[in-house]
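1. sequence and predicted structure are below.
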Amino acid sequence: MGEVCCAGEPDAECQRQRRLASELSLQFRIPHSAFRTPIRMKFPDRLPIPAEVLRIARTLEEAGYETWCVGGAIRDNLLGVENHDFDLTTAAPPEEVRRLFKRTVPVGIEHGTVAVLDRDNRAHEVTTFRRDIRTDGRHAVVEFGVSLTDDLARRDFTINAIAYHPIRHEWRDPFKGAEDLAKKLIRSVGDANWRFQEDYLRILRALRFSARFEFRIHGATLEAAKANAQGLSQLSAERVREEWFKGIRTAGRVSKLLALWIDVGAARIWLPEIPGNGKGERGKVDKLPRDPVLVTAYLASDPASLLTRLKSSNKDIERARAIGQWREHYPDPRHLPDVRKWLSQVGEYGDDLLLLLAGLDLSRFPFPLSRLPKVVESIRAAQDPLTLKDLAVTGDDLIAAGVRPGPEVGETLARLLAEVLEDPTHNTRERLLARV
Ligand code: ATP
Ligand code: MG
């Protein structure tokens, strides 16, 4: 993240501007009664733009290309939420952007996006003013050489379609995004049906922003989201997974995000392993840490199948599978050998299963499961042997002691480990060799 600073300004001035910007942004937190009264928005005079972003904007402007800050960082800063990740939108065609800066990466060149690397190797996205001329619900063919207003018009929601000129300190908000920020509303730019049909991912983005900011989705936008939910099946699994995971990480409450996915019909299509009602034990999802794989595994009846549909990595699928397999098989914490055996079997997934406890109704277990984390801690502190590697003998030792090379070696090691899990004091060379 870039240091927020107003390039060229002394520190004190920079700080004053930051304070000013955050005080002014308070004006956007308008009380509920504002829903009934017309809202007049006043933008802050200035936004604190990171020095490197400002430098890029200056270079483009000095070359004669109009350049504005747009997108999530503008929205977040107006809300008083920290975000230094300012995207730039410019009249400069992509090849000009590449020519003007020494170090660039063509991250999405066909859509006009070039990443400009700053002195610290941080990437800043610069996108040429564009308009979508044709889409199939997943991809867009874009046209450059259009105006800032055209560019704002192709953005998804009014709150994401506000532009700020970092040098002239002007604002452009043709779709009244600031008003919707104040009203806490997610509203499509233009006709919601049409906009969702252009790119169905926008439906999921609406749900994510709604859950993140605790904003209502505007009536017509919500209706259109529901009416077009079937189109979500056309999206690639990777884009859906990214949205779902990002939603879990950023939601005010995950239960709210899930309720939206269910209500709109997105869960039915992409998360059918998650039961339709979030009641009962699953209502405790908000108590879990914001780890998308853990949360998804917790919610799903068959976590591995869900993450396979979302084309997750094998590592994540295996993790989810282990959580699904072990969540009904916790050990009785009063019985140390059982806990050691459990730790030995669940291996690297032990910590996930301990984290999962926060979301479970512990009263349904016939033993005091809440004590498990402390017991595990004590076993780990004592460095009790839990795996074959921890045994005081190796396969070679067993062969030297007369065990026939082959499967018998593994079987014997497993038997010795079982004994050691029962009683760790048995883990000495003499004792184990005597048991061969
Ligand atoms: P965040 O980064 O917190 O997810 P964001 O609004 O910055 O939020 P990005 O995906 O970084 O989201 O996109 C930057 C901007 O690009 C958005 O604010 C929006 O103006 C536009 N945008 C992104 N995705 C779409 C889309 N699918 N349809 C239309 N506009 C989009
Ligand atoms: Mg962003």
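-> Looks like it arrived, so ask away. Numbering: from 1, shown residues only. Ligands and ions are numbered 1, 2, ... in the order given.

2. skip the chain neighbours and tell me the closest residue to Pro289.
-> Leu355 (5.8 Å; Cβ to Cβ, 6 or more residues apart in numbering). C-beta here means a position set from N, CA and C on the backbone, and glycine is covered the same way.

3. next, give phi and psi for the one you found.
-> phi -60, psi -40 (degrees, to the nearest 10).

4. now the terminal residues of stretch 369-387, how far apart.
-> One end of stretch 369-387 sits 23 Å from the other (Cα to Cα, to the nearest Å).

5. would you mind listing the buried residues in it?
-> 369, 372, 375-376, 379, 384-386 (16 or more other Cβ atoms under 10 Å).

6. contact partners for whichever residue of the stretch 251-400 of the chain sits closest to ligand 1?
-> Ranking the residues of the stretch 251-400 of the chain by distance to ligand 1 (Cβ to the nearest ligand atom) places Ala251 first, at 12.0 Å. Counting by Cβ atoms under 8 Å, 6 or more residues apart in numbering, Ala251 makes contact with 208, 211-212, 257.

7. now the strands for the chain?
-> For the chain, the strands defined by DSSP state E occupy 67-70, 87-90, 104-108, 113-117, 123-128, 131-135, 140-143, 163-164, 171-172, 185-186, 216-217.

8. for the ones you listed, which one ends up most surrounded?
-> Using mean count of other Cβ atoms under 10 Å, the stretch among the strands of the chain with the largest mean neighbour count is strand 67-70, at a mean of 26.

9. so how far is it off the chain centroid?
-> Distance, stretch centre to chain centre, for strand 67-70: 25 Å (Cα atoms, centre = their mean, to the nearest Å).

10. so for it, mean pLDDT?
-> What strand 67-70 shows for mean pLDDT is 98.

11. what's the answer for stretch 198-205, then?
-> 97.

12. ditto for stretch 332-340
-> The model assigns stretch 332-340 a mean pLDDT of 97.

13. what about that stretch, start to end distance?
-> Terminal-residue distance, stretch 332-340 (Cα to Cα): 11 Å.

14. with distance to ligand 1 as added columns, please give the strands of the chain in a markdown table.
-> Shown next, in a markdown table, are the strands of the chain (distance: least, Cβ to the nearest ligand atom, whole Å):
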| stretch | distance to ligand 1 |
| --- | --- |
| strand 67-70 | 6 |
| strand 87-90 | 5 |
| strand 104-108 | 11 |
| strand 113-117 | 10 |
| strand 123-128 | 8 |
| strand 131-135 | 8 |
| strand 140-143 | 8 |
| strand 163-164 | 10 |
| strand 171-172 | 13 |
| strand 185-186 | 11 |
| strand 216-217 | 15 |
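
15. picking that back up, let's have the buried residues of stretch 369-387 in a markdown table, adding pLDDT and distance to ligand 1.
-> Output for those, formatted as a markdown table (pLDDT from 0 to 100; distance: Cβ to the nearest ligand atom, whole Å):
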| residue | pLDDT | distance to ligand 1 |
| --- | --- | --- |
| Leu369 | 98 | 37 |
| Leu372 | 98 | 37 |
| Val375 | 98 | 41 |
| Val376 | 98 | 36 |
| Ile379 | 97 | 41 |
| Asp384 | 96 | 45 |
| Pro385 | 96 | 46 |
| Leu386 | 97 | 41 |
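
16. out of these, which sit inside helices?
-> Among the buried residues of stretch 369-387, the residues falling in helices (DSSP state H) are 372, 375-376, 379.

17. residues of the protein that sit close to ligand 1?
-> Within the chain, the positions adjacent to ligand 1 are 71-72, 87, 155-156, 160-161, 199, 201-202 by Cβ under 6 Å from any ligand atom.

18. pick the one among those residues closest to ligand 1.
-> After measuring the residues of the chain next to ligand 1 against ligand 1 - Cβ to the nearest ligand atom - the closest member comes out as Gly72, at 2.2 Å.

19. quick one, what contacts that closest one?
-> Gly72 touches 83, 85, 87, 160, counting by Cβ under 8 Å, 6+ apart.

20. turn the buried ones among the residues you listed into a named PyMOL selection, would you?
-> To isolate the buried ones among the contacts of Gly72 in PyMOL, judged by 16+ other Cβ under 10 Å, type:
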select buried, resi 85+87+160
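
21. hang on, the earlier thing: right, and the residue nearest to Pro289 touches Arg290 too?
-> No: counting by Cβ atoms under 8 Å, Arg290 is not a contact partner of Leu355; they are 10.9 Å apart.

22. higher neighbour count, the two?
-> Of the pair Leu355 and Arg290, Leu355 is the one with more neighbours under other Cβ atoms under 10 Å, namely 16 against 13.

23. check the gap between that one and Leu369 for me.
-> Remark: distance between Leu355 and Leu369 (Cβ to Cβ, to the nearest Å) = 13 Å.

24. quick one, phi/psi of the closest residue to Glu52 other than its chain neighbours?
-> Spatial nearest neighbour of Glu52, excluding adjacent residues (Cβ to Cβ, 6+ apart): Asp118 at 4.0 Å. Phi and psi for Asp118, reported as degrees, to the nearest 10, are phi -90, psi -170.

25. tell me if I'm right that Arg241 and Arg309 touch.
-> No: Arg241 is beyond contact range of Arg309, at 9.0 Å (criterion: Cβ under 8 Å).

26. got the domain boundaries for this protein?
-> 11-183, 203-321, 336-381, 388-434 (automatic domain parsing).

27. low-scoring stretches of the protein, by residue?
-> 1-41, 277-280 (pLDDT under 70).

28. the same query, at a cut-off of 90, please.
-> 1-42, 84, 109-110, 132-142, 145, 275-283, 435-436 (pLDDT under 90).

29. nearest the middle, which residue of it would you pick?
-> Nearest to the mean C-alpha position of the chain, counting by Cα atoms, centre = their mean, stands Lys246 at 2.3 Å.

30. helices of the stretch 101-250 of the chain, start to end?
-> 148-153, 177-183, 192-198, 201-213, 219-227, 237-250 (DSSP state H, counting those that start in this stretch).

31. can I get those helices in CSV with distance to Arg130?
-> Listed next are the helices of the stretch 101-250 of the chain as CSV, based on distance: least, Cβ to Cβ, whole Å:
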stretch, distance to Arg130
helix 148-153, 6
helix 177-183, 19
helix 192-198, 13
helix 201-213, 16
helix 219-227, 23
helix 237-250, 19
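
32. that concludes my questions; thank you for your assistance.
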